[in-house]
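> curious how this folds, go ahead:
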Amino acid sequence: MSKITPAFLDSLTNLLSGMGTSSDKITFTRYALISLTTAQLEAAYRSDWIARKVIDIPAFDATREWRAWQAEKDAITKLEEAEKGFALQPKLLLALQRARLYGGGALILGLDQGKEDEPVDLEAVKQGSLKYIHAVSRFEITAGDVEMDIRSPYYGEPKYYESRSTAANIRLHPSRVVRLIGAPILDVQQSNGWGDSILQIVNDAIVATGVVAGGIAALVQEAKIDVIKIPGLMDQISVKEYEERLKKRFGLASDAKSIYKMLLLDKEEEWERITANFSGMPDVLKVYLLIASGAADIPATRMLGQSPAGLSATGESDTRNYYDRVHTEQRVILTPALTRMDEVLIRSALGTRPPEIFYEWNSLWQLDETQKAEIASKKANAFKIDVDAALIPGDVLREARVNQLIEDGTYPGLETIIEEFEAEGGDMAETAAEEAAQAAANAPGQPGEGEDPNASPKPGAGKEETTADRMTRRIRVRPARSVANVKDAKPRTLYVRRDVLNAQDIIDWAKGQGFKKTVPAKEMHVTVCFSRQPVDWIKVSQYEPWGQDERGRMKIVPGGARLVERMGPTQEAAVLLFTSSALTYRHCDLRREGATWEYEDYQPHITIIYEGAPKNLDKVEPYRGEIILGPEIFEEVKADYRQGLEEE
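Predicted structure coming up:
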């Protein structure tokens, strides 16, 4: 029996077939890394269309539709103007292209705060501090030694970068550089601060495709060959005169063939035409093109610009999957990489850093006009259902619908028109309600109360409805529920809270972030209202809170703006701030009906600890998981209520 060496023990072995033994040729196959030089990378990008598409397409798609800031209108305007002023979108595209081609690219942040080799102090960044943003490749800035101190926030990154654009080298701190890499090298010690070129991985597939395409192109030139057999050719060809006569003869034969459409030959000579067979060649080339597309992780419909063949084949699913992957890379790779720059950009554009500001990457999938119309119709129907159900306060629903129309661009210039209308003293809610009532009264077959159904139409009832009329008619305001038949209750102070049902998850997170102690799980809650001014509980709660299930529970989905900050008169308390439109609207409803609040703004939060918060909360990563809240609990404010300390 043959002896099996240890080299074959980690794979399948069959002595009869030779698989996995020294007789198996594949056993001796080994991976070899042949690094492409910078000259080869540039030559491939400049001369090969497949290589160029592999570099450009993902980078272009990642920045094509850009991102949408979520904040107040003025803040959004300033941020967008700052992005345009720095040409951020094309510069990020250029940096991504260089990162994919060379294995590394970067955005350099030019600040008038501190020195270039010092870390950026975000608290010291003022409005206008950001002066420039430059896109560079890994060869324009040299990465220093990789930071291997596991305690450093820059672990795995270069300790510094050096720019050689001037006579004197400029050393840059990593907080002033947004590093982008192509194909990551997982071994930090071998990466030299950068990654591999994308072409390094797909080079074999690209070269193989080029060889096949070139072979087919060469075959086209040999598609038709005339073969003439001449007796005694090999015996006479060595004679110089014979060679000359032979060339002259077949030159004349070729001319005669062109003029007289015939080939003149000796009786003993034979003529044969050989035609190349191209059957199967297109399929072979298509397979190699698919291999190149697969290696680049780009669908063929996007790579080649050609729809797939076959019945019911559209390539839509492939494109959607590709767009989903690009969107995932935007969130998982680009967003964290750009955070360093975005924090500076926000402070430089606004002069401060509002906690509620964030952005979302716009969808890459673009709808045609028919699809947009269908979606708009479905949204309008959903809005009508919500209005009829009367589950959401009318003012809240109206504002949400107007925002939806503005964001969707359903009516061009709607936001400006509304601002001008309200600036002239108009009230959207009242005007919409009046015109809706008037439209209902003028509608055919719907006479007003006490009117004669057979009476002549009212003036203006038959006029053609304008676009503005149709727009206002869409907005309906739900009348307030009447509570006149309910006897007024005795006014009382009001404290409304919702207990946190998954408090243990938050406690586990807090302990992992360095909190030595926390509020007990049974006391962890969210305050909705804290009114020391007595109010009528019945009147202030005439609207049911929305966003809760049939058991009164409310879920705050994971993610969104989350912060951990100090609070209280002594700043010893630590709270988890989060956003929830349902809680905010509920708080506003209670205040509109008479409940008071001791502060200008309301921000939903959960108190983690009342005293003894960690000294450095900047290093605490906020809890980003799901928050489950119990039903609303109404209580009176007690004189010694600890809740009062929390809210102050």
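> what ranges does the stretch 201-350 of the chain have for its strands?
Along the stretch 201-350 of the chain, counting by DSSP state E, counting those that start in this stretch, strands occupy 224-229, 270-275.
> what comes into contact with the last one?
Okay, so that is strand 270-275. The contact list for strand 270-275, computed with C-beta atoms under 8 Å, 6 or more residues apart in numbering, reads 223-229, 263, 265. C-betas here are computed from N, CA, C, even on glycine.
> so where is the stretch 1-150 of the chain shaky, pLDDT-wise?
1-11 (pLDDT under 70).
> so where do the strands sit in it?
Under DSSP E, counting those that start in this stretch, the stretch 1-150 of the chain gives strands at 67-70, 104-111, 130-137, 141-143.
> make CSV out of the strands of the stretch 201-350 of the chain and add distance to residue 243 and mean pLDDT.
Formatted as CSV, the strands of the stretch 201-350 of the chain follow (distance: least, C-beta to C-beta, whole Å; pLDDT from 0 to 100):
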stretch, distance to residue 243, mean pLDDT
strand 224-229, 15, 78
strand 270-275, 20, 75
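> out of these, the one nearest residue 98 is which?
strand 224-229 (47.0 Å; C-beta to C-beta).
> pull up the pairing partners for that closest one, direction included.
Sheet pairing here is set by DSSP bridges, and for strand 224-229 it gives strand 270-275 (antiparallel).
> ok now the partner strand, how far from the chain's centre?
Mean C-alpha position of strand 270-275 versus that of the full chain (C-alpha atoms, centre = their mean, to the nearest Å) differs by 62 Å.
> likewise stretch 20-32?
Using C-alpha atoms, centre = their mean, the offset of stretch 20-32 from its chain centre is 44 Å.
> re the thing from before, format the strands of the stretch 201-350 of the chain as JSON lines; extra columns: distance to residue 493 and mean neighbour count.
Listed next are those as JSON lines, based on distance: least, C-beta to C-beta, whole Å; neighbours: other C-beta atoms under 10 Å:
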{"stretch": "strand 224-229", "distance to residue 493": "100", "mean neighbour count": "11"}
{"stretch": "strand 270-275", "distance to residue 493": "99", "mean neighbour count": "10"}
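> now for residue 129, how many residues are close by?
Residue 129 is flanked by 19 other residues according to other C-beta atoms under 10 Å.
> quick check: residue 496 touching residue 526?
No - in this structure residue 496 lies outside contact range of residue 526 using C-beta atoms under 8 Å: 9.7 Å.
> show me where the stretch 451-600 of the chain has its helices.
Applying DSSP state H, counting those that start in this stretch to the stretch 451-600 of the chain gives helices spanning 467-474, 503-512, 537-540, 581-592.
> so who does residue 122 touch?
Residues near residue 122 by C-beta under 8 Å, 6+ apart: 343-344, 347, 353.
> in helices, which of those fall?
343-344, 347 (DSSP state H).
> turn those residues into JSON lines, columns for pLDDT and distance to residue 209.
Supplementary listing: those in JSON lines, determined by pLDDT from 0 to 100; distance: C-beta to C-beta, whole Å:
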{"residue": "343", "pLDDT": "96", "distance to residue 209": "43"}
{"residue": "344", "pLDDT": "96", "distance to residue 209": "43"}
{"residue": "347", "pLDDT": "95", "distance to residue 209": "48"}
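> most neighbours among these, please name it.
In terms of neighbour count, residue 344 stands highest of the ones in helices among the contacts of residue 122 at 23 neighbours, by other C-beta under 10 Å.
> and the gap between that residue and residue 133?
Relative to residue 133, residue 344 is positioned 9 Å away (C-beta to C-beta, to the nearest Å).
> what does residue 377 give?
42 Å.
> how about residue 56?
Distance, residue 56 to residue 133, by C-beta to C-beta: 21 Å.
> quick one: which of these two has more around it?
residue 133 (22 against 16).
> what's the distance between the closest residue to that one other than its chain neighbours and residue 194?
Distances taken as C-beta to C-beta, 6 or more residues apart in numbering put residue 86 closest to residue 133, at 4.6 Å, once the chain neighbours are dropped. For residue 86, the distance to residue 194 equals 24 Å [C-beta to C-beta].
> what does residue 63 give?
21 Å.
> and what of residue 173?
18 Å.
> and these two? which has more neighbours close in?
Between residue 173 and residue 194, counted using other C-beta under 10 Å, the more crowded position is residue 194 (23 against 18).
> show me the contacts for the more buried one.
Here residue 194 is in contact with 102-104, 138, 143, 181, 185 (criterion: C-beta under 8 Å, 6+ apart).
> what pLDDT does residue 263 get?
Residue 263 is assigned 73 on the pLDDT scale.
> ok, residue 397 next?
Value for residue 397, per-residue pLDDT: 83.
> give me the helices and strands touching the helix or strand that it is a member of, please.
Taking DSSP states H and E as the definition, residue 397 sits inside helix 394-408. Helices and strands touching helix 394-408, by 3 or more C-beta pairs under 8 Å, 6 or more residues apart in numbering; DSSP states H and E, are helix 369-389, helix 414-423, helix 428-442.
> and the gap between the closest residue to residue 189 other than its chain neighbours and residue 154?
What sits nearest to residue 189 in space, not counting adjacent residues and going by C-beta to C-beta, 6+ apart, is residue 146, at 6.8 Å. As judged by C-beta to C-beta, residue 146 and residue 154 stand 9 Å apart.
> one more: residue 598?
43 Å.
> other residues contacting the helix ranked longest in the chain?
The residue-count maximum for a helix in the chain (DSSP H) belongs to helix 198-221. Outside helix 198-221, the residues that touch it by C-beta under 8 Å, 6+ apart are 35-36, 41, 44-45, 48, 50-51, 54-55, 100-101, 103, 182-183, 276, 278, 281, 284-285, 288-289, 291-292, 294-296.
> for stretch 522-535, same thing?
With C-beta under 8 Å, 6+ apart as the criterion, stretch 522-535 contacts 491-500, 503, 506-507, 518, 583, 586-587, 590-591, 593-598, 604-607, 629, 632, 637, 643-644, 646-647.
> give me the number of residues near residue 527?
19.
> check what pLDDT residue 307 gets.
pLDDT recorded at residue 307 is 61.
> same question for residue 403.
83.
> overlap of the contact sets of residue 344 and residue 133?
With C-beta under 8 Å, 6+ apart, residue 344 and residue 133 have common neighbours residue 109.
> so which helix or strand of the chain has the lowest pLDDT on average?
Sorting the helices and strands of the chain by mean pLDDT, DSSP states H and E puts helix 467-474 at the bottom, at a mean of 39.
> can you pull the contacts of the closest residue to residue 54 other than its chain neighbours?
Excluding the flanking residues, the one nearest residue 54 by C-beta to C-beta, 6+ apart is residue 296, at 4.3 Å. Applying C-beta under 8 Å, 6+ apart to residue 296 gives the contacts 53-54, 57, 198, 202, 205, 303.
> one step back: please identify the most buried of the strands of the stretch 1-150 of the chain.
strand 104-111 (a mean of 23; mean count of other C-beta atoms under 10 Å).
> quick one: strands adjacent to that strand?
Strand pairing (DSSP bridges) places strand 104-111 next to strand 130-137 (antiparallel), strand 177-181 (antiparallel).
> residue 633: how many residues sit nearby?
13.
> and residue 33, backbone torsions?
phi -100, psi 110 (degrees, to the nearest 10).
> please state the offset of the top strand by length along the chain from the chain centre?
Counting residues, the longest strand found in the chain (DSSP state E) is strand 525-535. Centre-to-centre, strand 525-535 and its host chain are 39 Å apart (C-alpha atoms, centre = their mean).
> go on, stretch 154-169?
Relative to the chain's own centre, stretch 154-169 is displaced by 29 Å; criterion: C-alpha atoms, centre = their mean.
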